[in-house]
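Asks: how would this look folded up:
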Amino acid sequence: MRQLWRNLRYSLRALRKNPGFTVVAMLSLALGIGANVAIFTLINALLLRDLPVPHPERIVELSVERHGDKIPFSYPMFRELERGQRVFSSLIAWSGGIIPNVEVNGVFARANVLAVTSNFYSELGVAPLRGRLLISDDVNPQAGSTSQVAVIGYEFWQRRLGGASDVIGKQVRVEDQSFTIVGVTRKWFTGLTPGEPPDVTIPVTAYASLHGEGVAFPLDDRTKLWIRITARLKDGVTIDQTRAQLQSFWPAVLLATASTETPGLRRQTFLSMGLDVSPLRTGFARDLRKQFSRPLYVLAGIVGLILLVTCVNLANLTLARAASRSHEMSVRVAIGASRAALAVQVLTE
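Replies: Have a look, this model is predicted:
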């Protein structure tokens, strides 16, 4: 330990006597390492990080496949799947996709509104910061009943309501519909879409009246494909077992939910749609990832090259400095320093 401390003191004195070398080396390393850390942080947050929920490896996404594209379900399709499945502990229905006008204290602004079933928060293991979250009494997917209640996000609470302590019980209007705030989520909660936390969460059965430009549609409308389904696998159930069980009754689901208003070719197209089951441990951010994944990976390659150039430059600087210290090293060897001691000293620096 005494020798290490002596080496450290000598290294600091040596670097202080060569401020040009020290500053250039530190700035080079800071540039190369800092850029790589920043880009990897973005890639990790958007593409790699698991959802902050219990057992994210058991979260899966269900999608309808049509002409190679993944599309949502209708509400009747969700009810049929929920009734026939045997592989999930629960199914979560949710929908977004519109940014409606939200009025708070007489001020209008666009907000990210998410509509969910009552088990959304409980299945994700979320606890409220204030008040409570949605419960079964707020929305009954089987009966289609709903309560006009809402849960708001932490950032929305701070931005639009100033972090008011008496927020529970206040009213928020979404496209001219009034909802009573019953809870506030914690700061880290982003829902199922990393990078796009919901501002306002309402019961899924209330979403039909907010669709589009204020145009309502019946909840049991078979022509509207607007429901996204996320599910949690039961213990010991694999993805392959899940696909096999769902495929066994998927044609019956299509027959039971096909619209009678679209006969002929459109009906046949509907009945030919497939069902996809995919892992969702990193969350649902298809559009966001499609938009930014390629630029981020290209940028990661660029900053990786910057780090490589930094290392080469630093190696050249070190070699040049070592050459200039050849006389010093010779003197130290002559007075008894071993090669191992010199190597440790240089490594310490």
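Asks: over to the closest residue to residue 104 other than its chain neighbours. Which of the three states is it?
Replies: Nearest in space to residue 104, with sequence neighbours left out and distances taken as Cβ to Cβ, 6 or more residues apart in numbering, is residue 160 at 4.7 Å. Where C-beta positions appear, they are placed from N, C-alpha and C, glycine not excepted. Residue 160 falls in the helix class when you classify it by DSSP: H, G, I helix; E, B strand; the rest coil.
Asks: pretty sure residue 160 contacts residue 103?
Replies: No. Counting by Cβ atoms under 8 Å, residue 160 stays clear of residue 103, with 9.8 Å between them.
Asks: who has more neighbours, these two?
Replies: Taking neighbours as other Cβ atoms under 10 Å, residue 160 and residue 103 compare with residue 160 leading, 22 against 17.
Asks: dump the residue contacts of the residue nearest to residue 104.
Replies: 102, 104, 107, 109, 111, 199 (Cβ atoms under 8 Å, 6 or more residues apart in numbering).
Asks: same thing with residue 42?
Replies: Residue 42 touches residue 296, counting by Cβ under 8 Å, 6+ apart.
Asks: then residue 65?
Replies: Counting by Cβ under 8 Å, 6+ apart, residue 65 touches 71, 273, 274, 275, 276.
Asks: would you double-check that it falls in a strand?
Replies: Yes. Applying three-state DSSP, one finds residue 65 inside a strand.
Asks: bridging residues for it?
Replies: Bridge pairing for residue 65 (DSSP bridges) gives the partners residue 70, residue 274.
Asks: pull the number of nearby residues for residue 164.
Replies: 13.
Asks: quick one, phi/psi of it?
Replies: The phi/psi pair for residue 164 (degrees, to the nearest 10) reads phi -60, psi 130.
Asks: and for residue 67?
Replies: Dihedral angles for residue 67 - degrees, to the nearest 10 - are phi 50, psi 40.
Asks: so what does the helix or strand harbouring residue 330 touch, helix or strand wise?
Replies: Element membership of residue 330, judged by DSSP states H and E, is helix 326-334. Counting contacts by 3 or more Cβ pairs under 8 Å, 6 or more residues apart in numbering; DSSP states H and E, helix 326-334 packs against helix 339-348.
Asks: name the residues that touch the helix it packs on?
Replies: Contacts for helix 339-348 (Cβ under 8 Å, 6+ apart): 4, 7, 8, 10, 11, 322, 329, 332, 333.
Asks: just the closest of those residues to residue 164, please.
Replies: residue 8 (53.8 Å; Cβ to Cβ).
Asks: how about the contacts made by the closest one?
Replies: Residue 8 neighbours (Cβ under 8 Å, 6+ apart): residue 348.
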